[in-house]
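J.: Mind folding the following:
(chains A and B)
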Amino acid sequence: DAGVTQSPTHLIKTRGQQVTLRCSPKSGHDTVSWYQQALGQGPQFIFQYYEEEERQRGNFPDRFSGHQFPNYSSELNVNALLLGDSALYLCASSLGLGMNTEAFFGQGTRLTVV
Amino acid sequence: GQQLNQSPQSMFIQEGEDVSMNCTSSSIFNTWLWYKQDPGEGPVLLIALYKAGELTSNGRLTAQFGITRKDSFLNISASIPSDVGIYFCAGHPNTNAGKSTFGDGTTLTVKP
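T.: Down below sits the predicted model:
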């Protein structure tokens, strides 16, 4: 049973560039949420996708956008990268939008902006 | 927005000791979750709590959902070296599993 997989595991980008991160949910899951985790802090919710639509969004600027594909996989795009965007980006998958469903996390993508 | 205050920030304990950490919120949550994160990995769910007052165990771990719905604690009994890591509390208010608010974690170090 494949868990949540993210790619790439690490990448380095230059300020002002754009980046795309990818996530495949756990088998059987249809909902994907993205989090940003800065060093020494807990994950911060970016947004959630279900049925190929953004369902909820945290307090992140429009430079952060996403997409969900028919196979439930998802992408996170960040435009005009800032140094402060350097963080571990985590993808979590779950089943549906109900409250008592558990979310499983991938290992994350470590983004460094220089 | 909602905030979770997690304490202590870090703990240094001897192998075999019990550990207790807690989380308080400025607002009510309907679900409390406890995760452990190892270096280079994503958080792994340890315990999920869905009802106020609920006490749930997972091996040596025990967690409780506070009656006020604004707090939760996690206890680890008889700690072992592999308990080392960062422990996060997280909560959902009236939304769904994907949108969790996380605390800033408790870093646990266990000395053999």
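
J.: all helices for chain A, in order.
T.: With DSSP state H as the criterion, chain A has no helices.

J.: which bits of it sit near chain B?
T.: By the rule Cβ under 8 Å from any Cβ of the partner chain, the part of chain A lying against chain B is A:4, A:31-33, A:35, A:40-45, A:48, A:50, A:55-56, A:58-59, A:90, A:92, A:94, A:96-108. In this view, the C-beta of every residue, glycine as well, is placed from N, C-alpha and C.

J.: ok, now with 7 Å
T.: Selection of chain A residues close to chain B by Cβ under 7 Å from any Cβ of the partner chain yields A:31, A:33, A:41-43, A:45, A:48, A:56, A:59, A:90, A:92, A:94, A:97-103, A:105-108.

J.: Now the buried members of the residues you listed.
T.: For the residues of chain A next to chain B, a burial check counting by 16 or more other Cβ atoms under 10 Å in any protein chain shown picks out A:31, A:33, A:42-43, A:45, A:48, A:56, A:90, A:92, A:94, A:97, A:101, A:103, A:105-108.

J.: residues contacting residue B:37?
T.: B:43, B:85, B:86, B:88 (Cβ atoms under 7 Å, 6 or more residues apart in numbering or on different chains).

J.: One more pass at 8 Å, please.
T.: Counting by Cβ atoms under 8 Å, 6 or more residues apart in numbering or on different chains, residue B:37 touches B:43, B:44, B:85, B:86, B:87, B:88, B:105.

J.: what's the closest of these to residue B:112?
T.: The nearest member of these to residue B:112, counting by Cβ to Cβ, is residue B:85 at 15.4 Å.

J.: how many neighbours does that closest one have?
T.: Other residues within reach of residue B:85, judged by other Cβ atoms under 10 Å in any protein chain shown, total 20.

J.: tell me the contacts of residue A:5?
T.: Going by Cβ under 8 Å, 6+ apart, residue A:5 touches A:23, A:24, A:106.

J.: let's see it at 6 Å
T.: Contacts for residue A:5 (Cβ atoms under 6 Å, 6 or more residues apart in numbering or on different chains) come out as A:24, A:106.

J.: Can you tell me who the most centrally placed residue in chain A pairs with across the strands?
T.: Compute the mean C-alpha point of chain A, and by Cα atoms, centre = their mean the closest residue is residue A:34, 3.0 Å away. When assigned by DSSP bridges, residue A:34 has beta-bridge partners residue A:47, residue A:91.
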